[in-house]
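Chemist: Sharing a model prediction with you, sequence too.
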Amino acid sequence: MNKAGSQGDKSMEIMHGNEQQNRRCRCCRLRTRWLLPLLLVPIVALGYVFWSISARCHCPRPCLDGWIGYRGKCYYFSEAERNWTASRDNCSDFGASLAVIDSLQDLVFLLRHKSHFDSWVGLHRQDNGAWKWAEGTEFNDLFPIKGDEKCVYLKDREVSTSRCYIERTWICTVP
């Protein structure tokens, strides 16, 4: 009876052990079943947040090598000298225009960064006497212009006019 009793006890222990193991497995399956979705939800949410932020971000594009970025524009300061028309054409080759000066901050920046040479900008006088930028917009009298000629250049600390055939350095801008 001892043998039979001990075998029965062992059977009961095995059955009891299997029952505990089954409970543990069910518990593990339940954890796994809920754990995966619980982990995926924040990951998907974070992915969506990053995507929506990057879609709205209008990061400024970098300027080409040799160009200088300032207030959302890129500027090129030439070292060569050409007349106003050839300077305008050179800027156009880069998808740019001769410099358009929209603010006094832009004017101060250009006067500081141009070389010690006089530099063409995109302002010129039309036959009717009105000032117009090379890219087509009208001048808003933001700053005084010295002289009576047709084409505009930046001199030491001022904006002046000259005959358009004179060769000077020039400044291009890309908005």
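Modeler: Received, thanks. Numbering: from 1, shown residues only.
Chemist: Tell me where the model's unsure across the chain.
Modeler: For the chain, residues meeting the criterion pLDDT under 70 lie at 1-61.
Chemist: Where do the strands of it begin and end?
Modeler: Secondary structure of the chain, counting by DSSP state E: strands at 68-70, 73-77, 97-98, 119-125, 131-133, 151-154, 159-162, 169-174.
Chemist: Please identify the most buried of those strands.
Modeler: strand 151-154 (a mean of 26; mean count of other Cβ atoms under 10 Å). (Each C-beta comes from the backbone N, C-alpha and C, glycine too.)
Chemist: Show me the domain layout of the chain.
Modeler: As assigned by automatic domain parsing, the chain contains the domains 1-59, 68-174.
Chemist: returning to that earlier point: right, and the strands of the chain - which one's nearest Arg88?
Modeler: Evaluated with Cβ to Cβ, these place strand 97-98 nearest to Arg88, the distance being 5.0 Å.
Chemist: by contact count, what packs against that closest one?
Modeler: Judged by 3 or more Cβ pairs under 8 Å, 6 or more residues apart in numbering; DSSP states H and E, strand 97-98 is in contact with helix 84-93, strand 119-125, strand 169-174.
Chemist: Can you add distance to Trp133 and give the ones you listed back as TSV?
Modeler: Formatted as TSV, those follow (distance: least, Cβ to Cβ, whole Å):
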stretch	distance to Trp133
helix 84-93	11
strand 119-125	5
strand 169-174	10
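Chemist: out of those, which comes closest to Ser160?
Modeler: Between Ser160 and the helices and strands packed on strand 97-98, the shortest separation by Cβ to Cβ is 10.4 Å, and it involves strand 119-125.
Chemist: was I right about Ser162 contacting Leu154?
Modeler: No. Counting by Cβ atoms under 8 Å, Ser162 stays clear of Leu154, with 10.9 Å between them.
Chemist: tell me, what's touching the two both at once?
Modeler: Asp118 (Cβ atoms under 8 Å, 6 or more residues apart in numbering).
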